[in-house]
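Asks: Using only what follows, build the 3D model:
(2 chains)
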2 protein chains.
Amino acid sequence: MADILAYIKSPIEKELKIFEDRFKDSVKSHVPLLDTIMNYIVKRKGKQMRPLLVLHCAKLFGEINEATYRGAALVELLHTATLVHDDVVDESNMRRGFFSINALWKNKVAVLVGDYLLSKGLLLSLRNKDFKALEILSTAVEQMSEGELLQMEKARKLDISEEVYFEIVTKKTASLLASCCGIGANSTKQSEETLNHVIAMGNAIGIAFQIKDDLFDYGDNKVGKPTGIDIVEKKMTLPLIYALSVADKGERRDKIRIIKKNKKSKSEIKEVIDFVKRNGGLEYAQKRMLEYKSEAEDLLAKIPGSGDTSYILALISYVIERRK
Amino acid sequence: MADILAYIKSPIEKELKIFEDRFKDSVKSHVPLLDTIMNYIVKRKGKQMRPLLVLHCAKLFGEINEATYRGAALVELLHTATLVHDDVVDESNMRRGFFSINALWKNKVAVLVGDYLLSKGLLLSLRNKDFKALEILSTAVEQMSEGELLQMEKARKLDISEEVYFEIVTKKTASLLASCCGIGANSTKQSEETLNHVIAMGNAIGIAFQIKDDLFDYGDNKVGKPTGIDIVEKKMTLPLIYALSVADKGERRDKIRIIKKNKKSKSEIKEVIDFVKRNGGLEYAQKRMLEYKSEAEDLLAKIPGSGDTSYILALISYVIERRK
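Replies: Purely as a prediction, here's the structure:
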């Protein structure tokens, strides 16, 4: 896996470094507390899926330029803001059912830091007149918050159909990755039609990415053992939704009863995992994931750009083959 | 007071109604949970300081137009997002030192709803190419989060000098009111110089507004009795900062010791209030407030617009005379 990632990064190593420097510069403030937090955040470097998509989608059409770097920084500022806002409800604190004063302060700081990052991203784009990039990203933000809230609403009743699942995943996860592709292409000044084509590709990549994440819970991960975390947290993911839809009424009722429990024993979690496996939930989710992979590849093949598509092709493979 | 407000609203009643309708339209979503929350939020109508400033600052220069309404909606969306984000740390929950699962869910929803409102405001402006309005507002957002974080950082040590106080107030409170003035004027297409002039006026109004808020705590309010809430919450406001700066070393140390306490008795709170009064904290804060009032009036008098300035003049009086 590290090899695929290294291959994907190989043609844009210099550019990734420039992006990282720009990103660090963009979060500098006059407030010491803020700088301390920012330094901490900047160090938590993940898979860099988003900057990789922005840079490579620019390279499909032309040269990576200043607008590309700003676009990548904009997306990363937003993504970081979302991560920081997500920290507001820390699951472990939630499960224990109480919060310390410190945790509450942390909450308040998290919201403010998130808002600060959003404003930084906004100003960076506005001052450079990257209006189209901002519009693409704002649409993603709208979708992401709608998706999260839809998920929360549906989660309480556990009544998530496959259709609702795909709506949530499209809005919550895929929209941001799609916007990365759009922002990258847009930095080389492409037509609305081309942008929509690239955004559709990003959308398919994003859905495949989320289904892969769902499968991690059932043992398709680095450790090779099911974690069952989604089940503990009552998250209705594709493997489970499918298994419930094909099970008979009695078993369905029985499994939903377990999932609804606030405290589940290890054997109960195992029971649900076995139920999903027995009813073909994993195969079905894999099948759907591969469909979205193909869709992304087809859209990539038909892209009107003249650049080398092999790196994005590798990135699509990485999305469904990664182990974490 | 109700009379002044009615006078201020009188020439723009029709326009305020149009603004309210636009605002309601702008928060419609496809998510039932979100719509329920939005209905609740839309009903909590406050003093409408922000839309009043936007509309009147447009009217100073020309006709209130579609860009003015969008500008007012943009500011109100942001302001509402901040209020919702502020709900994340509910002081009463914080004082009790624990949080229920329900409160935590509320937290999560608050962050998401806040983000959703921000994205709505962004999209409204971007789709209508109100780029200057967005830039004015984003600068305010950056300042507001910096101001909040600066306040949190300083609050822990209670080492807020008058200089730091004014930095926090300028960023935290005044920047948004200043942006209202700028956005209103900008909707009638004014020069950068005029915008800066109007923004400076809004800034002075905002600082006077915050000093007035500080004075409420010491009895200058509807009920006519000191509330002492800022003292309970260890907030260093101008009357207290001044009193501490003129008191002798021993008394200063003694009062800081009381303020630092997590639990304060009624008599301790009264002791601090009396200390502030005895040392001329209220007179000093009033003096500074009136200086900012005069500054705002001077700037208003020198504004190059041709509209009737009497309504904004009334609004400036309202800011320092209101009882809540």
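Asks: Please enumerate the helices of the stretch 201-324 of chain A.
Replies: Assigned by DSSP state H, counting those that start in this stretch, the stretch 201-324 of chain A shows helices spanning A:229-232, A:238-246, A:249-260, A:266-278, A:281-301, A:310-321.
Asks: Quick check: residue A:58 touching residue A:68?
Replies: Yes. Between residue A:58 and residue A:68 there is a contact at 4.2 Å, judged by CB atoms under 8 Å. Where C-beta positions appear, they are placed from N, C-alpha and C, glycine not excepted.
Asks: Quick check: closest non-adjacent residue to the residue nearest in space to the middle of chain A.
Replies: Centroid-nearest residue in chain A: residue A:173, 4.3 Å away (criterion: CA atoms, centre = their mean). Of all residues not flanking residue A:173 in the chain, residue A:210 sits nearest, at 4.3 Å (CB to CB, 6 or more residues apart in numbering or on different chains).
Asks: rewinding a little: where do the contact lists of residue A:58 and residue A:68 overlap?
Replies: A:184, A:187, A:188 (CB atoms under 8 Å, 6 or more residues apart in numbering or on different chains).
Asks: helix/strand/coil for the last one?
Replies: At residue A:188, secondary structure determined by DSSP: H, G, I helix; E, B strand; the rest coil is coil.
Asks: residues in contact with it?
Replies: A:58, A:61, A:62, A:63, A:65, A:68.
Asks: Pick the one among the residues you listed closest to chain B.
Replies: Nearest to chain B among these: residue A:68, at 19.7 Å, using CB to the nearest CB.
Asks: The closest one reaches residue A:53, doesn't it?
Replies: No. Contact criterion CB under 8 Å: residue A:68 and residue A:53 do not qualify, at 11.2 Å.
Asks: shared neighbours of those two, which are they?
Replies: residue A:184.
Asks: Just the buried residues of stretch A:238-249, please?
Replies: Neighbour counts over stretch A:238-249 (16 or more other CB atoms under 10 Å in any protein chain shown) mark A:238, A:239, A:240, A:241, A:242, A:243, A:244, A:247 as buried.
Asks: which residue sits closest to the last one, ignoring its sequence neighbours?
Replies: Which is residue A:247. Closest to residue A:247 by CB to CB, 6+ apart is residue A:279, at 5.6 Å.
Asks: What is the burial count for residue A:36?
Replies: 11 (other CB atoms under 10 Å in any protein chain shown).
Asks: and it, helix, strand or coil?
Replies: helix.
Asks: Now do the same for it: its pLDDT.
Replies: The model reports residue A:36 with a pLDDT of 77.
Asks: low pLDDT regions in the stretch 151-300 of chain A?
Replies: A:220 (pLDDT under 70).
Asks: Pick out the residue of it closest to chain B.
Replies: Of all residues in the stretch 151-300 of chain A, residue A:153 sits closest to chain B, at 4.1 Å by CB to the nearest CB.
Asks: what sits against that residue?
Replies: B:31, B:32, B:33.
Asks: out of those residues, which are inside helices?
Replies: B:32, B:33 (DSSP state H).
Asks: The contacts of residue A:153 also near chain A: which ones?
Replies: Here is what survives when the contacts of residue A:153 are matched to chain A using CB under 8 Å from any CB of the partner chain: B:31, B:32, B:33.
Asks: gap between residue A:18 and chain B?
Replies: 24 Å (CB to the nearest CB, to the nearest Å).
Asks: how about the nearest residue to that residue, chain neighbours excluded?
Replies: residue A:69 (6.1 Å).
Asks: quick one: which helix or strand includes the one you found?
Replies: helix A:66-86 (DSSP states H and E).
Asks: and that helix, which residues are buried?
Replies: A:67-82, A:84-86.
Asks: same deal with stretch A:57-65?
Replies: A:57, A:58, A:59, A:60, A:61, A:62, A:64.
Asks: out of those residues, which are inside helices?
Replies: A:57, A:58, A:59.
Asks: What about chain B: which of those touch it?
Replies: Within those, nothing lies near chain B by CB under 8 Å from any CB.
Asks: for the residues you listed, which one is nearest residue B:117?
Replies: residue A:57 (29.5 Å; CB to CB).
Asks: Apart from its neighbours in sequence, what residue is nearest the closest one?
Replies: Counting by CB to CB, 6+ apart, the residue nearest residue A:57 is residue A:184, at 3.0 Å.
Asks: dump the residue contacts of the one you found.
Replies: Neighbours of residue A:184 in contact, by CB under 8 Å, 6+ apart: A:53, A:54, A:55, A:56, A:57, A:58, A:59, A:60, A:68, A:71, A:72, A:198.
Asks: and if you look at residue A:308?
Replies: A:11, A:59, A:60.
Asks: how close does the residue in chain A sticking out farthest from the centre get to residue A:269?
Replies: The C-alpha centroid of chain A is most remote from residue A:250, which lies 35.1 Å away (CA atoms, centre = their mean). Separation of residue A:250 from residue A:269 (CB to CB, to the nearest Å): 20 Å.
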